[in-house]
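Q: Just to be clear, the model below is a prediction. Sequence and coordinates:
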Amino acid sequence: KEIDIANPARTQAIMNAYGLRVKKSLGQNFLTDQNVLHNIVATADIGPEDNVIEIGPGIGALTEYLARAAHQVLAFEIDDRLLPILDETLADYDNVEIINQDILKVELPAMIAEHLDADRPLKLVANLPYYITTPILMSVLAGRVTFDNIVVMMQKEVADRLAAEPGTKAYGALTIAVQYRMAAELAMIVPRTVFVPSPNVDSAIVKLTALPERTHVPFDEAEFFKVVKAGFAHRRKNLWNNMQSLFAKQPEVKTAIQTALDAAGIDPKIRAERLTVDEFITLTDALHAADL
Ligand code: SAM
């Protein structure tokens, strides 16, 4: 039996055999470390009942580990040069399907219905292409598919933002967009040396788990995300200033903002990075109640 794809020598041999030169523009950094792969599969708690969606299989290093552990794997790869390679490297696994599409353009619910057996736990696992980490996360979070958990590798600095606590530098609009729906936890730091080629940054594996249904919800989610975005628009300014930039600076608007902050019990002089998700929800509703 062949050795794992995730091995520096085999990865290089596969690339040589196909004359594959990685495209940096597509974030192609292939994992070559079996420990990291074990860790990803264990963190996602993949078992024989599970279906898994993978984003960006590359030459199949992670896909192979997922295929061994899961019921079925459905993977989306944008680079058609990788398809013949994946055909060969994953030939032993009959529970993997590769779709040659841009994950940001995929109709995920239709794809899942078409390609995966129904009524099974569904997980999302990926070593993400780093140039589109945030758009992918945003589209997954806003999408109609519910995952039992999401385990994704990304650059460490972005991972820190997802798992950040209020009051820290890493805490921002992205943190709140994620933590509004999911609990985020940093599972493992991954050094740049385990990829071929090595990226310029270290990475981290993040586990996102669905939160129980929120009992405290804003009157309007779009409005909530607008307030969050505006709150962090100028990081060094306080909430009072950022809210004035969002609305307007006429005296009656200022009074309404003041009223809303008072009603929400929030000190206008603090910065957005101090506010929890719940406080942002309270603030959104209070601004609405003050006719803003
Ligand atoms: N999973 C492989 C591994 O761990 O070795 C490769 C991971 S590599 C960091 C990211 C992969 O995502 C590349 O194979 C790249 O071609 C693919 N990719 C980049 N942009 C994509 C997109 N918009 N949709 C789907 N796949 C994409």
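A: The structure has been received and is ready for your questions.
Q: where does the stretch 1-150 of the chain dip in pLDDT?
A: Filtered on pLDDT under 70, the stretch 1-150 of the chain yields the residue ranges 1-2.
Q: Can you tell me, leaving aside adjacent residues, what's nearest to the closest residue to the ligand within it?
A: Of all residues in the stretch 1-150 of the chain, the one sitting closest to the ligand is Gly56 (2.1 Å; C-beta to the nearest ligand atom). C-beta here means a position set from N, CA and C on the backbone, and glycine is covered the same way. Closest residue to Gly56 apart from its sequence neighbours, by C-beta to C-beta, 6 or more residues apart in numbering: Pro129 at 5.3 Å.
Q: what's near enough to touch the residue of the stretch 1-150 of the chain closest to the ligand?
A: Gly27, Ala75, Phe76, Glu77, Ile78, Ile103, Ala126, Asn127, Leu128, Pro129 (C-beta atoms under 8 Å, 6 or more residues apart in numbering).
Q: so of the residues you listed, which ones are in strands?
A: Ala75, Phe76, Ala126, Asn127 (DSSP state E).
Q: Would you mind listing what in the stretch 1-150 of the chain touches the ligand?
A: 26-31, 55-58, 61-62, 76-79, 102-104, 127, 129, 132 (C-beta under 6 Å from any ligand atom).
Q: before we move on, the earlier item: let's have the contacts of Gly56 in JSON lines, adding neighbour count.
A: Below are the contacts of Gly56 laid out as JSON lines (neighbours: other C-beta atoms under 10 Å):
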{"residue": "Gly27", "neighbour count": "19"}
{"residue": "Ala75", "neighbour count": "25"}
{"residue": "Phe76", "neighbour count": "22"}
{"residue": "Glu77", "neighbour count": "25"}
{"residue": "Ile78", "neighbour count": "19"}
{"residue": "Ile103", "neighbour count": "23"}
{"residue": "Ala126", "neighbour count": "25"}
{"residue": "Asn127", "neighbour count": "27"}
{"residue": "Leu128", "neighbour count": "21"}
{"residue": "Pro129", "neighbour count": "21"}
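Q: Take the residues of the stretch 1-150 of the chain next to the ligand and keep only those in helices.
A: Among these, the members found in helices (DSSP state H) are Ala61, Leu62.
Q: For stretch 152-164, measure first residue to last.
A: End-to-end distance for stretch 152-164: 16 Å, by C-alpha to C-alpha, to the nearest Å.
Q: Okay, buried residues for that stretch please.
A: Val152, Met153, Met154, Gln155, Lys156, Val158, Ala159, Asp160, Arg161, Leu162, Ala163, Ala164 (16 or more other C-beta atoms under 10 Å).
Q: quick check: mean pLDDT across it?
A: The predicted model gives stretch 152-164 an average pLDDT of 97.
Q: Which residues outside that stretch are in contact with it?
A: Under C-beta under 8 Å, 6+ apart, the answer for stretch 152-164 is 31, 40, 124-128, 130, 133-134, 137, 170-172, 174-175, 178-179, 184-186, 189-190, 199, 201-206, 208.
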